[in-house]
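>>> got a structure for you, letters missing:
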């Protein structure tokens, strides 16, 4: 009887940690290459999603996040958070209120060239200036080669609530 209680408590703690604190993910695809490669394991923190629902600003430029850009309602956001959605990993490069434009692959953030030391190649993409709406961010893959990353260059800025985890450690 005693071991069954220990098992139930351990299971409840594990589930609680998975839902509210951290999870693991395996990279599939090359959109974040060379920083993250197919087969890499990641430790992701999940509590930022809960904080963002409470209106807290928890993300910064340069953060690598897991998100589901199609999650537009609380239900689909919750499904993505629980691991039932189709997630992707991208880097945040602009926050709400930022002015962003891309010329020949070079990103201009608030009229200044964005330093991106993690890039191998910038690609050759253009985007007219946009202002990131309130509650949204602009995400992009580190691999800027044509068709290597589906990101905000194609689908636009995404609501903060579509992000369900933040990269902490590449294992």
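Structure's in. What do you need? Model, not experiment: these values are computed from the prediction.
>>> same question for the biggest helix by length in the chain, mean pLDDT?
Counting by DSSP state H, the longest helix found in the chain is helix 2-20. For helix 2-20, the mean pLDDT works out to 85.
>>> partners of the helix or strand following that helix, with directions?
Counting by DSSP states H and E, the next helix or strand C-terminal to helix 2-20 is strand 22-26. Here strand 22-26 is paired, per DSSP bridges, with strand 41-45 (antiparallel).
>>> on that earlier part again, run the angle between the longest helix of the chain and strand 41-45 for me.
Angle, helix 2-20 to strand 41-45, by axes from the mean of the first three to the mean of the last three C-alpha atoms, to 10 degrees: 80 degrees.
>>> What is the distance between helix 2-20 and the centre of its chain?
28 Å (C-alpha atoms, centre = their mean, to the nearest Å).
>>> tell me which strands and helices that helix is in contact with?
Other helices and strands packing on helix 2-20, by 3 or more C-beta pairs under 8 Å, 6 or more residues apart in numbering; DSSP states H and E, are absent; none qualifies. All C-beta atoms are positioned from the backbone trio N, CA, C, and that covers glycine.
>>> ok, and for it, which residues are buried?
Judged by neighbour count using 16 or more other C-beta atoms under 10 Å, helix 2-20 contains no buried positions.
>>> got it, and stretch 89-105?
89, 90, 91, 92, 93, 94, 95, 98, 100, 102.
>>> For these, could you give me TSV that also reports distance to residue 164 and secondary structure?
Compiled in TSV, these are given as follows (distance: C-beta to C-beta, whole Å; DSSP: H, G, I helix; E, B strand; the rest coil):
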residue	distance to residue 164	secondary structure
89	11	strand
90	12	strand
91	16	strand
92	14	strand
93	19	strand
94	20	strand
95	18	coil
98	22	coil
100	23	strand
102	26	strand
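>>> Looking at the most centrally placed residue in the chain now. What's its pLDDT?
Closest residue to the average C-alpha location of the chain: residue 65 at 2.2 Å, with C-alpha atoms, centre = their mean. Note for residue 65: predicted pLDDT of 95.
>>> swap in the one 10 residues further on?
What the model reports for residue 75 is a pLDDT of 57.
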